[in-house]
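Visitor: coords please:
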Amino acid sequence: MTKLASLTGLLALGFVASGCAFVTRAPVTGLIYLSTEQGETISSNDLGAKRGEACATSILGWVATGDASVTAAAKAGGITKISHVDSTASDILGVYAEYCTVAYGN
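Guide: So this is what the prediction gives:
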């Protein structure tokens, strides 16, 4: 019985320490599935016709890659004057997560 308790404890510790790939910036939580869009920032610049997006992804919380900065999003859309910034977040079972910054402007 002691071995079973030790094994259960180690498995629980491993799960907690793994971090998983959950998106933490989303305004709501979805344990099984998450797909949201939210507003982040607005400026006094006129609403622009250009759109640029930059994303970062995570797999199991062990590997994370990407550049989801506002600078990268503006560069991707050829934007020099940002009017507003939104973001999107998605997560599937904590296995795969993605966070994107979306910049709008001229």
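
Visitor: checking my notes, Gly94 in a helix, right?
Guide: No. With DSSP: H, G, I helix; E, B strand; the rest coil as the criterion, Gly94 is assigned coil and is not in a helix.

Visitor: distance of it from Thr29?
Guide: 11 Å (Cβ to Cβ, to the nearest Å). From N, CA and C alone the C-beta is placed, and that goes for glycine too.

Visitor: give me the sheet partners of the helix or strand that Ser90 is a member of and which way each runs.
Guide: Assigned by DSSP states H and E, Ser90 falls within strand 82-92. Sheet partners assigned to strand 82-92 using DSSP bridges are listed as strand 33-42 (antiparallel), strand 96-105 (antiparallel).

Visitor: mean pLDDT lowest where, among those strands?
Guide: Ranked on mean pLDDT, the bottom entry among the strands paired with strand 82-92 is strand 33-42, at a mean of 87.

Visitor: pick the most deeply packed of the strands paired with strand 82-92.
Guide: Greatest average neighbour count among the strands paired with strand 82-92 goes to strand 96-105 (a mean of 21), per mean count of other Cβ atoms under 10 Å.

Visitor: what's the spacing between that one and its chain's center?
Guide: From the chain centre to the centre of strand 96-105 is a distance of 7 Å (Cα atoms, centre = their mean, to the nearest Å).

Visitor: what does that strand rub up against?
Guide: The contact list for strand 96-105 (Cβ atoms under 8 Å, 6 or more residues apart in numbering) reads 21-23, 25, 40, 45, 47-48, 50-59, 61, 68-70, 72-74, 77, 79-91.

Visitor: perfect, that will be all.
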